[in-house]
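# what's the 3D shape of this:
(3 chains)
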Amino acid sequence: MDLKVMWATMKKEFQIRLRAYPIDFMVGCILTSFYTTLGAYLMYHYFFRQNLASDFADLTGTSDYMSYAIVGSLLYLFVVRTCLNVSRRLITELREGTLESLMLAPFKRTSYFVGNMLLQTVMTFLETAIATVIGLFFGLRIHDFCLWKFVIATILSLYGFFGLSLILGCVMIYARDTYISQNTLFAAIFLVCGITFPKEYLPYSLQFLGNIIPVTDGLTLMRAAILGGMPSDRFCIIALRFFVLGSVYVISGLPLMKRLEIIALEKMEG
Amino acid sequence: MIEIKNLQKVYDVKRRQSFFHMTREKVVAVKDISMRIDKGQIVGLLGINGAGKTTTIKMLTTLIEPTNGTYSFDGIDAIANPDLVKRQINMIAGGERMIYWRLTAYENLWYYGQLYGIDNTLLKKRIEKLLQIVGLEDKADLPVETYSKGMKQRLQIARGLINDPKYIFLDEPTIGLDAVVTQDLHKEIRSLAKDQGKGILLTSHYLSEVEELCDYIYLVNKGELVIEGTKKELTDYVFARNRYVFSVRGMDKKIVCRLRDNLRMIDPESEVLFEDGSCTIISKAELSSAIAEFALKEKLVINELHKQEPSLEQAVIKLSKNLERKDTQIA
Amino acid sequence: MKYFIKVVLAESYKQHRNYFNNKMIYVSLFLWPLLSFLASYYSYKAFDLEESAISYINSGNILVFLLIGYMAMSFFRSVVQSAWRFSSERQSGTLEYIYLSPASRLAVLMGNALSSVFESSVVMLVFGILMIFYNRESLHANVVGLVVVMPIYVIMALLWGVFINACFLYSRDTDFLFTILEEPMEIFSGVKVPVMIFPGWAKLLSCIFPLTYALEALRQVTLNNSDLGTIKITVLISILIIVVLLAATLITIHIVEKHVRKTGNIILF
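This next block holds a predicted model:
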């Protein structure tokens, strides 16, 4: 890892943000989180008058539906924001015409992407904080906070999301599209990763899809850290599984990205 | 006949000073323009950027309403009856935009034909004929995105003729095209006016194009007419004045003075301007040999001596700087 | 009138050729609503469906209840996307040529809405109808009611499309409209949760979306065997909305035409 490159990337990105913060993106994401929460609120309190299905508590380890759904929507916000930023990085450089000059420099891509990711994480924490405050109004309660679990869940989630962003970035560069690929992925994540309901309700094939997207386990860990209801040994097993899955994404994503950069540059000529 | 008199357009521009504070400003895009276009005639409208050309064309096409002035279109008051005018005019703009790239040439023409409410049998015949005229009949069923620049431009022309307009406004129709395609287009444009009797207004940045095509030329700058006249009249005034750039080793004011005296003997109205160590000489007469002889006689070492072709920009800038409109009206 | 229809048809054909020749467009028009529909459907499973606050909704017909919601919404939502594409004609310069022609502006907007409303929703519609047919035993439909409600609903969706088209065409800030029209419409017009059981403030918000009334009427006649007498207020409001939408569009077109001729600028809002 080249810290110089990472630092320079962060600084450059920070300067860009400082001058033109994509405020509409931010507001849009917070609003999405707000609407998701509001939808869950209306369903829980008004449509079904707080009557949960009998298996809900068994599957999730909690009987607090609102907290369950709000933590889901917050993490969803986090995924969307990081993926949007990191995945779109290279294609943005391609569109703005800076990709060529960037490729000329002999630097490590990993540092470049990690730099982007870290800056985005700091920014997203801020937005998530705002969304969390909104969540508190809708009944988000921290039942059984466990610090070490929270730290592990956070670090592993960032790792997993980073891997996911790389793969999504590859798809974007290959398809030369951001709109369709990103929104399809986000809609799929919302369905299969257990954002507002336990994924066990899904048919088996969709559950499988959920298991191989590195968001589902991260969400399970995060809920366990905040809402409790999961023994430590089970937590560790899921954490390990999540780490392996994230590694698969990162390890395959980086070389693939390098390969696609070359293709992208070739396509630029044609 | 199209005739506009003292047309003026003032835009009311709002400028936001702060969130609560907004100021209004009047921007004069066209100060005072009068012109006329007869059937069968190609009229040129020249100007530098921001001269008011686009606004003038938009007023002529009834897309915008003039603030002041009159516009008579074959005897109709065009300002009061834009819909009547719209049926009888069309516009052809340069560049590759303004057509649907995913549609075929035929589909593009068909769509625009529907917008003009043309009867389908007639439209079909007309499209076929137009495609033949612009030489796209073989490619009629291919999407426009597969076309070359020149083909797209030719389709623009067919599109502009879809309602068989009496008057056509050509807004820089050859921008970005190569010489061969440009020549073909020129032929087309000339035939529209001469063979089919359409009135054409042409704007262009290319002086040669205007020179080649236009029967009558208007030159605008800062929203005002600077000069107007037939090709002959204008060439006499602007284009026929020769410009020479001349510099020698150790050039100074004394040399320039002697040169000026020398040249005034041949053309008393010639001008010699000295700037940055070289002179610009402007004259109606052919002076290259006289300048060379002068250098020889004075035993000067020539660094540079060549004749400059006048560009449109130079002509416009010079004219707008030096001349009041009333004094320069030749016609 | 013949000229008007000519322009409507030409415009919808053009939109069809210009935007729907790309297969990827169906991903956004079908896959996203489908994923969103499934997510909503499975999120219901977290609840005890027999205990819902609406008497006629139960575990047997909740799928159809939701499907009708998403099908109806796909009509109303597709116009937003298509209007957004239409407004790009401002940049590509083709809008100027449309304005150069004497064609009726309403006809152009209507042609565009016609193409988008039907074309964008056709896949979702077919999917929905198949699913409903498969679950037909959960229907409890009033045929007369359905026959009356359907055309009202289609006209409303179409005019909503025309109106949104007009807004997008003449507005600078289209993102703002997106923010209003996408997610809030899904929540407040009762696609997932019926408006009836909303708290007062949410009910108030739901009033502004025409989809609210369309949806209510559609569900009443298909799931609750409601006759016209029961839903007459909803139907009357729907007809009123149709009139208001048409008037608003005509006024907008008229103002814009005047504005354009004065300022040379097509952006009004």
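# which parts of the stretch 101-250 of chain C sit against chain B?
Contacts of the stretch 101-250 of chain C with chain B, taken as C-beta under 8 Å from any C-beta of the partner chain, map to C:101-103, C:108. For glycine as for every other residue, the C-beta is placed from the backbone atoms N, C-alpha and C.
# can you rerun that using 7 Å?
Residues of the stretch 101-250 of chain C lying close to chain B (C-beta under 7 Å from any C-beta of the partner chain) are C:101-103.
# Go through the residues you listed and say which is closest to A:Val71.
Nearest to A:Val71 among those is C:Ala103, at 54.4 Å by C-beta to C-beta.
# All the helices of chain A, residue numbers only.
A:3-19, A:23-41, A:56-60, A:65-96, A:99-104, A:109-137, A:147-175, A:179-192, A:204-211, A:216-227, A:232-269 (DSSP state H).
# And the contacts of the longest helix along chain B?
Of all the elements of type helix in chain B, the one with the most residues (DSSP H) is helix B:179-194. Contacts to helix B:179-194, defined as C-beta atoms under 7 Å, 6 or more residues apart in numbering or on different chains, come from residues B:40-42, B:150, B:157, B:168, B:170, B:173-174, B:198, B:200, B:212-213.
# Buried ones among those?
Applying 16 or more other C-beta atoms under 10 Å in any protein chain shown to the contacts of helix B:179-194, the neighbour count classes B:41-42, B:150, B:157, B:168, B:170, B:173-174, B:198, B:200, B:212-213 as buried.
# Which residues of chain A lie near chain C?
Residues of chain A lying near chain C (C-beta under 7 Å from any C-beta): A:24, A:28, A:31-32, A:35, A:38-39, A:42-43, A:46-49, A:51-53, A:56, A:65, A:180, A:183-184, A:187-188, A:190-191, A:196-197, A:201-202.
# Only whichever of those residues are buried, select them in ChimeraX.
With 16+ other C-beta under 10 Å as the criterion, this ChimeraX line picks the buried residues out of these:
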select /A:28,31,32,35,38,39,42,43,46,47,48,52,53,56,65,180,183,184,187,188,190,191,196,197,201,202
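# and whichever residue of chain C sits closest to chain B, what element?
Closest to chain B within chain C is C:Ala10: 3.1 Å, counting by C-beta to the nearest C-beta. Taking DSSP states H and E as the definition, C:Ala10 sits inside helix C:2-19.
# which sections of chain B are below the confidence cut-off?
Across chain B, the ranges flagged by pLDDT under 70 are B:16-20, B:48-50, B:232, B:234-240, B:309-331.
# Which residue ranges make up each domain of it?
If you go by automatic domain parsing, the domain ranges for chain B are B:2-236, B:242-309.
# Quick one: these as TSV, columns for distance to A:Leu74 too.
Formatted as TSV, the domains of chain B follow (distance: least, C-beta to C-beta, whole Å):
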stretch	distance to A:Leu74
domain B:2-236	32
domain B:242-309	68
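# any idea which of those is most buried?
Neighbour counts (mean count of other C-beta atoms under 10 Å in any protein chain shown) averaged over each of the domains of chain B peak at domain B:2-236, with a mean of 18.
# So which residues on the stretch 51-200 of chain B come close to chain C?
Neighbours of chain C within the stretch 51-200 of chain B, by C-beta under 7 Å from any C-beta: B:55, B:58, B:61, B:63-65, B:83, B:86-87, B:90-91, B:97-100, B:102-103, B:107, B:111-112, B:114-117.
# need the contact list for the spatially closest residue to A:Gly139 that is not a sequence neighbour.
Once flanking residues are discounted, A:Gly139 sits nearest to A:Met66: 3.8 Å by C-beta to C-beta, 6 or more residues apart in numbering or on different chains. Contact partners of A:Met66, counting by C-beta under 7 Å, 6+ apart, are A:40-41, A:44, A:138-140.
# now, the most widely separated pair of the residues you listed?
Farthest-apart pair in the contacts of A:Met66 is A:Tyr44 and A:Leu140; separation 12.6 Å (C-beta to C-beta).
# What is the burial count for residue 229?
Unless you meant another one, I'm taking chain A. Neighbour count of A:Gly229, defined by other C-beta atoms under 10 Å in any protein chain shown: 15.
# think we crossed wires, I meant chain C
Neighbours of C:Gly229 using other C-beta under 10 Å come to 7.
# What about the residues of the stretch 51-200 of chain B next to chain C, which are in helices?
Those of those lying in helices (DSSP H): B:55, B:58, B:83, B:86, B:107, B:111-112, B:114-115.
# Would you mind listing where the chain has pLDDT under the threshold?
All of this refers to chain A. Within chain A, the segments meeting pLDDT under 70 span A:1, A:18-22, A:106, A:267-270.
# Can you look at chain C instead?
In the predicted model, chain C carries pLDDT under 70 at residues C:21-22, C:172-180, C:266-269.
# Grab the most central residue of it for me.
Note on chain C: the residue nearest the mean C-alpha position is C:Phe76, at 1.4 Å, using C-alpha atoms, centre = their mean.
# Pretty sure it sits against C:Trp160.
Yes - using C-beta atoms under 7 Å, C:Phe76 is in contact with C:Trp160, at 5.9 Å.
# picking up where we left off before, most neighbours among the residues of the stretch 101-250 of chain C next to chain B, which one?
C:Ala103 (24 neighbours).
# quick one: contacts for the residue nearest to it when sequence neighbours are not counted?
Residue nearest to C:Ala103 in three dimensions, not counting chain neighbours: B:Leu115, with 4.0 Å by C-beta to C-beta, 6+ apart. Residues counted as contacts of B:Leu115 (C-beta under 7 Å, 6+ apart) are C:7, C:10, C:98, C:101, C:103.
# From B:Gly52, how far out is the third one?
For C:Ile98, the distance to B:Gly52 equals 25 Å [C-beta to C-beta, to the nearest Å].
# same deal with C:Leu29?
45 Å.
# And the helices in chain C?
Along chain C, the segments classed as helices by DSSP H run C:2-19, C:24-26, C:32-44, C:62-92, C:94-100, C:105-134, C:143-169, C:174-181, C:183-188, C:200-206, C:210-223, C:232-263.
# ranking the ones you listed by burial, who's on top?
Mean neighbour count, computed with mean count of other C-beta under 10 Å, is highest for helix C:210-223 among these, reaching a mean of 24.
# how far away is the residue of the stretch 201-331 of chain B found nearest chain C from A:Val250?
Closest to chain C within the stretch 201-331 of chain B is B:Gly223: 13.8 Å, counting by C-beta to the nearest C-beta. Distance, B:Gly223 to A:Val250, using C-beta to C-beta: 62 Å.
# do B:Thr55 as well
Taking C-beta to C-beta, one finds B:Thr55 at 58 Å from A:Val250.
# thinking again about what came up before, what's the closest of the contacts of B:Leu115 to A:Val86?
C:Ile98 (41.2 Å).
# List the contacts of the closest one.
Neighbouring residues of C:Ile98 by C-beta under 7 Å, 6+ apart: B:115, C:108.
# Likewise for C:Arg261?
Counting by C-beta under 7 Å, 6+ apart, C:Arg261 makes contact with B:64-65.
# re earlier: am I right that the residue of chain C closest to chain B is in contact with B:Gln114?
Yes - judged on C-beta under 7 Å, C:Ala10 makes contact with B:Gln114 at a distance of 3.1 Å.
# what does the stretch 1-150 of chain C have sitting close to chain A?
C:24, C:27-28, C:31-32, C:35-36, C:38-39, C:42-43, C:45-48, C:51-53.
# at 8 Å instead, please
Contact residues, the stretch 1-150 of chain C versus chain A (C-beta under 8 Å from any C-beta): C:24, C:27-28, C:31-32, C:35-36, C:38-39, C:42-49, C:51-54.
# Considering only these, which also neighbour chain B?
Among the residues of the stretch 1-150 of chain C next to chain A, no residue sits close to chain B (C-beta under 8 Å from any C-beta).
# ok, now how distant is the residue nearest to C:Ala103 from C:Gln15?
For B:Leu115 relative to C:Gln15 (C-beta to C-beta), the value is 13 Å.
# same check, this time on B:Leu170
According to C-beta to C-beta, B:Leu170 and C:Gln15 sit 29 Å apart.
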